[in-house]
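1. My questions are about this predicted structure, shown below with the sequence.
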Amino acid sequence: MTTAASTTPVADARRLALAHYAARGVLEHVLARHGVTFQQQVALRAAVASDVAQTPDELTAQVQQSLKADPADLRATLDELLAKGLLGSDGAHLRPTDAGRELFAIVGAETAPVSARIWGGIPAEDLAAAGRVLALVTERANAELAALTG
């Protein structure tokens, strides 16, 4: 006799990765229509979400916390956003341009209905449990990475 518990998939690193890449694939499809990469979108999001202009080093550090990417690659990403006119330089600080804010809003509007279909109908208690697990996994993985690189 098969029970729900025995057929329910257990969360693990592979399932987490599959979910991440499936969702990222959706976002990258939208971003490609606008000539923007995933890494550029993450950097633009960090700039748009900030209440204050940030130095390139501050913005790089913030994005690096999310992506765990090489800082030199992230600086190149910021340069790409500057070249596209999505970020602007204000002395020693970077801030999103009107075009950057507009693109960010457009991508959000284009992905919103897809996100609603992906996330819709999942019970709040399941989302809360998944959120707790993902926060703990993130915390532990960040600690392990710090031990490996520190």
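-> Perfect, thanks for sending it.
2. and Pro113, how far is that from Leu67?
-> 26 Å (C-beta to C-beta, to the nearest Å). C-beta coordinates here come from the backbone N, C-alpha and C atoms, glycine included.
3. Next one: the residue nearest to Ala61 when sequence neighbours are not counted relative to Gly108, how far apart?
-> Spatial nearest neighbour of Ala61, chain neighbours left out: Pro71 (7.8 Å); criterion: C-beta to C-beta, 6 or more residues apart in numbering. Noted for Pro71: a distance of 27 Å to Gly108, by C-beta to C-beta.
4. Ala46 too?
-> Relative to Gly108, Ala46 is positioned 14 Å away (C-beta to C-beta).
5. now do Ala146
-> Distance from Ala146 to Gly108, by C-beta to C-beta: 32 Å.
6. Compare these two (neighbour count), which wins?
-> Gly108 (13 against 9; other C-beta atoms under 10 Å).
7. Next, count neighbours for Leu27.
-> Neighbours of Leu27 (other C-beta under 10 Å): 17.
8. Show the contacting residues for it.
-> 38, 41, 107, 111 (C-beta atoms under 8 Å, 6 or more residues apart in numbering).
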